[in-house]
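Asks: requesting a structural model of the entry that follows:
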Amino acid sequence: MILKKDKLQLGLVLGLLGPIIGLLVIYLIKFSSSSFGVFLEEFFSNNKLITSIGSLALLANVILFTIYINTHRDKTARGIFLVTLLFGIGILILKLFN
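Replies: Now for the predicted structure:
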């Protein structure tokens, strides 16, 4: 199975998918009464939402990272960690320039 491999590229892909899936889950749980476009517009324009929803979306990567570290697939975990750092920096920059 592909998820059992230990490759940096797999970690990068999983690291990109984690926050996207996390964002979709947050939308479905808390904001499903509005359209996804309105949700994204509010997310990018509200500093409080950038911090809270951005952090919760990155929580998906924390879970993935923990799983891959505990199963000794360090290359994949390294890719997940790298993308998590980039997302975190992106959230910080978005918050500063908003």
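Asks: which stretches of this structure form strands?
Replies: If you assign secondary structure with DSSP state E, the chain ends up with no strands.
Asks: any low-confidence regions in it?
Replies: For the chain, the stretches with pLDDT under 70 are 1-2.
Asks: tell me, what residue is most central in it?
Replies: Taking CA atoms, centre = their mean, the centroid of the chain lies closest to P19, which sits 2.0 Å from it.
Asks: measure that one to L96 for me?
Replies: Remark: distance between P19 and L96 (CB to CB, to the nearest Å) = 19 Å. Using the backbone N, CA and C atoms, a C-beta is placed for each residue, glycine as well.
Asks: just L49 next, same as before
Replies: Counting by CB to CB, the gap between L49 and L96 amounts to 15 Å.
Asks: just F44 next, same as before
Replies: According to CB to CB, F44 stands 13 Å off from L96.
Asks: can you check H72 too?
Replies: Counting by CB to CB, the gap between H72 and L96 amounts to 37 Å.
Asks: ditto for S55
Replies: Summarising the geometry, the distance separating S55 from L96, computed by CB to CB, is 16 Å.
Asks: for F65, same thing?
Replies: To L96, F65 is 25 Å away according to CB to CB.
Asks: mind checking which of the two has more residues around it?
Replies: F65 (22 against 9; other CB atoms under 10 Å).
Asks: show me the contacts for the nearest residue to that one once chain neighbours are set aside.
Replies: Using CB to CB, 6 or more residues apart in numbering and skipping the chain neighbours, the partner closest in space to F65 is I80 (4.7 Å). Applying CB atoms under 8 Å, 6 or more residues apart in numbering, one finds that I80 lies in contact with 11-12, 14-15, 18, 61, 64-65, 68.
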